[in-house]
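Colleague: A predicted structure for the sequence below; I have some questions about it.
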Amino acid sequence: MLKAMNKTNNVVLLVFFFLIAIPFSLGEPGHMKLLAVSETENGYIGGTADLYLDIKPGSGRIFLETFPFTKVDTQMSTRFANEIACDYVDADCSQHDFFYTLNANSAIIGGPSAGAAIATLTVAMLQGYTGDELVAVTGTINAGGLIGPVGGLKEKVSAGSKVGLKTILVPKGESLFTNESERKVMEAVEEKGVDVVEVYTLDEAVYHFTGKSVKKQRQLEIDMEYAETMHSLGEQLCGRTKGLAENVDDAKIEESNRTVRGRELALNLSNKGKTALEEGAYYAAASYCFGANVEYSKLLLGVEMEDEGQEGMIRELSREIDAFEEKIESSPIKTITDLESYMISTERAQEAKEFVKDAGNATSAEGKAAALAWGNERLYSAESWFQFFGKAGRQYSIDESSLATSCALKMAEAEERIQYLELFLPVALSTARAELEEAEKESDAGNYELCLFKASKAKASVGVVLGVFGVKQELYPDVLEVKLDIVKQMIAEQTEEGVFPILGYSYYEYASSLKQDDVLSALLYAEYALELGNLDMYFSQKNGGKSSVPAIDKKMLVVFLIGAIIGGLSVLTVRRKTDGKTAAKATIKPKRK
């Protein structure tokens, strides 16, 4: 009995001393200076704040304490930056709680402008790197670890130089000040020995802050199953283009300005599709041939069908769309590829339905023909994308709850960027606003997959404007090249992890094909690729999440080992004393009465 009690005591003591030895956080709290702006009656003034981060064992919660209080969008920005950082280093952050503290001397403007700093500090701590507190970064953080432009840069740089910072990291393109007041600020900053360095990626920011890199350059390898499927789709659509062109040549179409323009446009798109197909750019080929098919179909439907025939086609097309939507709804989503296929197929089917409705409301045969052409080709496109559904891939827990959460997060990300941009730029964001409203409608209807898709597009629309904010137009191609490289690396990483983002790669390929003729459209599709290229960050794997854990600081590991040794020695000491007393007690026999 005594032996059992002694063993129990020893175990309890051992556990107790080990618990004392284990640090309650993963290293000392991290710190970084924040550059901020405050709004006054006379405009914006620069200022600084202090950002602290403490990581402790927990359950993936994120806490933000601010003084003075900041807006709710700052909390959302912090959460998103945390997710970007965890995904960036492939860490399972569900096992830890993150405590962010933001202290400022005065009220600062909230929003995503601190995103890059939060993500940089988080990555540094997760990797166990020590940061240089004389380095600060300002910028938004976007999918793929892209650092985006911010407002009030002149004021922020000036404020940073006054508090002794030696290096200020700014989004690429924004140190190219053009007006006199900005040049004077730069001259004053340089006189104080402050380096203003342009960065475009989270890895660059982490390197300047810690002296260490996180990412390595990867080669992009296209998933063979994707290539084969998209190749087949490209050939199908371009083969359809050839057939429609022959039908147009055989039809007796009255020559007019409209029909001539239609032929020319269709032929131009057809030639682009053929070239893209030969170059192996299969999604680009499918996109060009789709456009050509719409133009050829407009011409054919305008002459081949009388009103009665058009009405019959409207009814038939409606039935086909309904049947296809039922097929989609009955298909369970298991992989990220399934999700992507579901999103774009459903959107295409919805668009086809809207075109059919437009055809029914059209008052002219020409109007009906145009709407029917679009509706028919959109349904064909939806059916083509659905061929990706059910392909092999890593399975994720994609249920209604996780979809609703991802939908809400993506809408919040888009909303905060819209608000932030409207704060500094008097620009119309009608496209992004409309897309976000569509996402909200889908959310209200419980269509969370489409909500996620539309909210991603809304955020991308804002990202295009933010991406060139403060950049000269002649530098847009340079911005595009950097962005495309980021997308390329992101897709390569996803592929290594067993997830090939079919939408991300398709939009990346299309953006690359557009860069010579239409830089702005290329920038938009590059943004689409960024937002839709790593959707897995919103979902956990079916058989458990990522296995990586935040690195423990070496100093804290030494503390742990010393504590463990002291704890072990203490246990041995107590055990000897206990054993001695037990032995003494054992030799004293109680007196018998």
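Modeller: Structure received.
Colleague: how about low-confidence regions in this structure?
Modeller: The chain contains residues with pLDDT under 70 at 1-27, 68-73, 106-111, 143, 173-186, 188, 303-308, 423-428, 469-471, 542-593.
Colleague: for it, which strand is longest?
Modeller: For the chain, the strand with the greatest residue count under DSSP state E is strand 43-57.
Colleague: name the helices or strands packed onto it?
Modeller: strand 30-40, strand 96-104, helix 115-127, helix 153-162 (3 or more Cβ pairs under 8 Å, 6 or more residues apart in numbering; DSSP states H and E). From N, CA and C alone the C-beta is placed, and that goes for glycine too.
Colleague: partner strands of it and their direction?
Modeller: strand 30-40 (antiparallel), strand 96-104 (antiparallel) (DSSP bridges).
Colleague: quick one, domains of this protein?
Modeller: The chain breaks down into these domains under automatic domain parsing: 30-210, 397-470.
Colleague: so how far is the first one off the chain centroid?
Modeller: Counting by Cα atoms, centre = their mean, to the nearest Å, domain 30-210 is centred 18 Å from the centre of its parent chain.
Colleague: return the most buried member of the helices and strands packed on strand 43-57.
Modeller: For the helices and strands packed on strand 43-57, the largest average neighbour count (mean count of other Cβ atoms under 10 Å) is found in helix 115-127, namely a mean of 27.
Colleague: check which helices and strands the host helix or strand of Ile491 sits against.
Modeller: Remark: Ile491 resides in helix 476-496, with elements defined by DSSP states H and E. Judged by 3+ Cβ pairs under 8 Å, 6+ apart, the packing partners of helix 476-496 are helix 448-468, helix 502-514, helix 519-532.
Colleague: swap in 6 Å and give it another go.
Modeller: Counting by 3 or more Cβ pairs under 6 Å, 6 or more residues apart in numbering; DSSP states H and E, the packing neighbours recorded for helix 476-496 are helix 502-514, helix 519-532.
Colleague: just the C-alphas of it, formatted as PDB.
Modeller: Taking C-alpha atoms only, helix 476-496 is exported to PDB below (Å, rounded to 0.1, in the frame of the first residue of the first chain):
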ATOM      1  CA  TYR A 476       1.200  48.000 -64.800                       C
ATOM      2  CA  PRO A 477       2.900  45.300 -66.900                       C
ATOM      3  CA  ASP A 478       5.500  45.000 -64.200                       C
ATOM      4  CA  VAL A 479       2.900  44.700 -61.500                       C
ATOM      5  CA  LEU A 480       1.200  42.000 -63.500                       C
ATOM      6  CA  GLU A 481       4.400  40.000 -63.900                       C
ATOM      7  CA  VAL A 482       5.000  40.000 -60.200                       C
ATOM      8  CA  LYS A 483       1.400  39.100 -59.500                       C
ATOM      9  CA  LEU A 484       1.500  36.200 -62.000                       C
ATOM     10  CA  ASP A 485       4.700  34.900 -60.400                       C
ATOM     11  CA  ILE A 486       3.000  34.900 -57.000                       C
ATOM     12  CA  VAL A 487       0.000  33.100 -58.400                       C
ATOM     13  CA  LYS A 488       2.400  30.600 -60.000                       C
ATOM     14  CA  GLN A 489       4.200  29.900 -56.800                       C
ATOM     15  CA  MET A 490       0.900  29.600 -54.900                       C
ATOM     16  CA  ILE A 491      -0.400  27.000 -57.300                       C
ATOM     17  CA  ALA A 492       2.900  25.100 -57.200                       C
ATOM     18  CA  GLU A 493       2.600  24.900 -53.400                       C
ATOM     19  CA  GLN A 494      -1.000  23.800 -53.600                       C
ATOM     20  CA  THR A 495      -0.100  21.100 -56.100                       C
ATOM     21  CA  GLU A 496       2.700  19.800 -53.800                       C
END
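Colleague: from the middle of its chain, how far away would that helix be?
Modeller: Helix 476-496 sits 13 Å away from the centroid of its parent chain (Cα atoms, centre = their mean).
Colleague: for Gln395, find the nearest of the helices and strands packed on helix 476-496.
Modeller: Smallest distance to Gln395 across those (Cβ to Cβ): 16.0 Å, for helix 502-514.
Colleague: same for the closest one, what does it pack against?
Modeller: Helix 502-514 makes packing contacts with helix 282-304, helix 336-361, helix 476-496, helix 519-532 when contacts are defined by 3+ Cβ pairs under 6 Å, 6+ apart.
Colleague: and the third one, what's buried?
Modeller: Within helix 476-496, the residues that qualify as buried are 476, 479-480, 482-484, 486-491, 493-495, counting by 16 or more other Cβ atoms under 10 Å.
Colleague: quick one: the helix or strand harbouring Arg319 to helix 448-468, angle?
Modeller: Using DSSP H and E, Arg319 falls within helix 307-329. Counting by axes from the mean of the first three to the mean of the last three Cα atoms, to 10 degrees, helix 307-329 lies at 100 degrees to helix 448-468.
Colleague: and helix 307-329, what does it pack onto?
Modeller: Using 3+ Cβ pairs under 6 Å, 6+ apart, the elements in contact with helix 307-329 are helix 336-361, helix 365-385.
Colleague: can you redo those helices as a markdown table with mean neighbour count?
Modeller: Putting the helices and strands packed on helix 307-329 into a markdown table (neighbours: other Cβ atoms under 10 Å) gives the following:
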| stretch | mean neighbour count |
| --- | --- |
| helix 336-361 | 21 |
| helix 365-385 | 22 |
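Colleague: please produce CSV containing those helices, extended by distance to Ser161.
Modeller: CSV is the format used below for those (distance: least, Cβ to Cβ, whole Å):
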stretch, distance to Ser161
helix 336-361, 45
helix 365-385, 52
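Colleague: closest to Glu264 out of those helices?
Modeller: Using Cβ to Cβ, the nearest of these to Glu264 is helix 365-385, at 16.6 Å.
Colleague: outside of that closest one, which residues touch it?
Modeller: Helix 365-385 has contacts (Cβ atoms under 6 Å, 6 or more residues apart in numbering) with 233, 290, 293-294, 297-298, 301-302, 310, 313, 317, 321, 341, 344-345, 348-349, 351-352, 355-356, 358-359, 362.
Colleague: what sits against Glu187?
Modeller: Contacts of Glu187 (Cβ under 6 Å, 6+ apart): none.
Colleague: with Thr363 instead?
Modeller: No contacts exist for Thr363 under Cβ under 6 Å, 6+ apart.
Colleague: same check, this time on Met230
Modeller: Contacts of Met230 (Cβ under 6 Å, 6+ apart): 282-283.
Colleague: that one and Ala292, how far apart?
Modeller: Going from Met230 to Ala292 by Cβ to Cβ, to the nearest Å gives 18 Å.
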